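J.: everything below, folded, please.
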Amino acid sequence: DDDDDDDDDDDDQNFERRRVVNAGRNLVWQKLMPTEEGTARAAAETMKDLPPPDEKNPLDHRHATQFVQNHTDDRDLDGVSPPGAKRFKALRWLHAALEKIGGGDHRYMLPAKYMLGNWRLWPDNHDGNEPEFVKLKKFAEAKLDVIGVSFERDVYEGLKIGKELGDVGKDIPPARPRQDDGLPLPTPKLFKKVPTEDDHKDYFYMALLLTAVHAIDPLYQESAEKICQAAGGDWKGPAPKGYMRMFAKLETDHKEAKVPRAAENIDTNRAAWTFDSPEQLRKAFEGAAKAWGDPLRVKNGYSPSFKALEISKGYRNILANYRFAPEGLTWGKLVDREDGQTVKAWDALRKKMLNSFLKYGYADESSLDAEWKQYLAYFDDAREYITSAAMRERPVVLVVEVQYMLKQYMAMRKKTHAWYKIVRADNAEAMVWDYMWN
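T.: Residues are numbered from 1 along each chain as shown. Next up is the predicted model:
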């Protein structure tokens, strides 16, 4: 037993030694490498040339810059201000910067992102009632309320949208579809690398789901574009849902769901359709049903019963989820596509994941900490499973989402998105995850 204890001590010392070496290597790398666009370092560089957003408190700019310069993914530093930086002054800068952004000055957008997504700024980030988070949320809500009231009056009521579109999807019964209906978590018998702990089953399933999602997205977007344009609408194919957005949901909306909780993400492949008129929107809704079958679920935000000011600060749309199952398509056929598009999509996904981890100051893949390495490894495992014999004959089936918008609400969304990301967060942790990844 004493020998075992000695071995454990040696392992701990070796681990700590490797951790220190990696940390030093990453620090040197950060200093030597040129600034990469979109990173915290780039945000800090931007702040050097920005005028303070609050003329009454110009020195707040220095404190905010300290937080951005010392942005980290080290959760041991949650709520720990950098040396010399005052949290309340940095937060005052953030409020002023958000005012500037709301007024159309987007020069402050990148630094504000790295403030909102900064663990060091948010102690007690699990607590939705943390005073400064509550203050920030109320600040954002007030901005949205002003816009929402005008849209309810001038757009929704003024154009009688409830009368035109309030009944769309009324015959679809309430439902809660899940992705594991079509893409189940494999059993250990099917795939030996499936984790045994519930949390890690979630992390593996997120990787599995995103691996599947990125494989089908070109096919889904091609189909979605045809349906939308046939109705006279404007199609946009946003990138699939992000990993960290799914991660944040594990602690909020999906916390009480059955494992794998990540199967609750049914908006992973999404299309945004915008229309000039209610007639075009209704035509597209009918076209989607012909192409994909009746929706699995419909949330009609144009219904008069939808309390838009309370729920979404005046924003209205229709969200519909469909079962996307191209006839005769198996995972084997999708993997074997002659154009190699599936393999290219997976290579791009892995590169995106790796780069997303590296941007927090790591030199290369080998210097990532153990947590990031494990998340990345699950993507390799997911790809191995989807290309295995167990999946070759399995039909491709995933739940996809369409957002139906009238052009007025698309304009509203662009104007309010930064505020809405703050308002929709249940606590500072969810907000930080959201901003860290996007």
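
J.: care to break this structure down by domain?
T.: 10-121, 160-423 (the TED database).

J.: tell me which residues form a beta bridge with residue 235?
T.: With beta bridges defined as DSSP bridges, residue 235 has these partners: residue 273.

J.: sorry, back to before: among the domains of the chain, which is nearest residue 147?
T.: domain 160-423 (5.9 Å; C-beta to C-beta). For glycine as for every other residue, the C-beta is placed from the backbone atoms N, C-alpha and C.

J.: hang on, the earlier thing: of all the domains of the chain, which one is nearest residue 138?
T.: Taking the domains of the chain one by one with C-beta to C-beta, domain 160-423 is closest: 9.4 Å.

J.: so what touches the helix or strand encompassing residue 290?
T.: According to DSSP states H and E, residue 290 maps onto helix 278-292. By C-beta atoms under 8 Å, 6 or more residues apart in numbering, the surrounding residues in contact with helix 278-292 are 161, 164-165, 168-169, 223, 226-228, 230-233, 273, 275, 295, 318, 320, 322-324, 400, 402, 404, 406.

J.: those strands in the protein, which residues are they?
T.: Assigned by DSSP state E, the strands in the chain fall at 234-236, 270-275, 297-300, 318-324, 398-406.

J.: distance to residue 80 for these - can I get that in CSV?
T.: CSV is the format used below for those (distance: least, C-beta to C-beta, whole Å):
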stretch, distance to residue 80
strand 234-236, 40
strand 270-275, 37
strand 297-300, 40
strand 318-324, 39
strand 398-406, 39
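
J.: adding distance to residue 186 and mean neighbour count, write those out as TSV.
T.: Listed next are the strands of the chain as TSV, based on distance: least, C-beta to C-beta, whole Å; neighbours: other C-beta atoms under 10 Å:
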stretch	distance to residue 186	mean neighbour count
strand 234-236	34	17
strand 270-275	25	23
strand 297-300	26	20
strand 318-324	21	22
strand 398-406	16	24
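
J.: would you mark the buried spots in stretch 83-99?
T.: The neighbour-count criterion (16 or more other C-beta atoms under 10 Å) identifies 85-87, 89-98 as the buried residues of stretch 83-99.

J.: those in helices, which ones?
T.: Here DSSP state H is the test, and these give 87, 89, 90, 91, 92, 93, 94, 95, 96, 97, 98 as lying in helices.

J.: now the last one: how far from residue 140?
T.: Residue 98 is 8 Å from residue 140, where distance means C-beta to C-beta, to the nearest Å.

J.: joint contacts of these two?
T.: Joint contacts of residue 98 and residue 140 (C-beta under 8 Å, 6+ apart) are residue 419.

J.: before we move on, back to that, which among the ones in helices among the buried residues of stretch 83-99 gets closest to residue 413?
T.: residue 98 (17.4 Å).
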